[in-house]
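Chemist: Mind folding the following:
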Amino acid sequence: MKKSLVPVVVIAVLLALGLVGCEKQSGDAVVIGKEHIAAALPIAQTPNAQSAPSPDDQPHPIADDEITVDGYVMKPEARGTSRDPRALQAEQWLVKVRTVDDGRTFNIQAEQEQFDKLNEGDRVKVRYRIGKYTKTVWASEIEKIQK
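Modeler: Got it, this is the predicted structure:
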């Protein structure tokens, strides 16, 4: 009986911390960029699949033929393709916004329909959560397109 109760208590504590550890925010933002990322290739088809870096790996300078996008280093020709390190199993339509109030910049995963309607410079109403301690933005969405 006690063994089955422990996971339930742990889950309840984690949920409580998750709810207390974030703040809901909403406000106006300006679209500063859009990007489509193709779906990633299945693991078996990925050429030159690399294992996770070992703890002994040291950071190396970015090569002249590489770019940095959202903290990921890649070749320019890989950006937006299935070889993009940000690619997931499904296609992504990312909208980069900057909030009007505090200038915070972050990406929002949009539906293709919404993505197609937006242009750089458009104003949108956004809703998102901010971690109280890390100030990381997550669970962001576009509520309404303002014209």
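
Chemist: So what pairs up with V95 in the strands?
Modeler: Residues in a beta bridge with V95, per DSSP bridges, are K34, I108.

Chemist: mind showing which ranges of the chain have poor pLDDT?
Modeler: Along the chain, the model assigns pLDDT under 70 to residues 1-3, 14-21, 44-57, 147.

Chemist: can you count the residues close to P61?
Modeler: 6 (other C-beta atoms under 10 Å). (Glycine included, C-beta is placed from N, CA and C.)

Chemist: Likewise for G103?
Modeler: Count around G103 with other C-beta under 10 Å applied: 8.

Chemist: didn't L41 look like it was pressed against R83?
Modeler: Yes - between L41 and R83 a contact is recorded at 7.5 Å, counting by C-beta atoms under 8 Å.

Chemist: which stretch of helix or strand covers L41?
Modeler: Under the criterion DSSP states H and E, no helix or strand holds L41.

Chemist: ok, it - contacts?
Modeler: S82, R83 (C-beta atoms under 8 Å, 6 or more residues apart in numbering).

Chemist: same thing but 7 Å
Modeler: Applying C-beta atoms under 7 Å, 6 or more residues apart in numbering to L41 gives the contacts S82.
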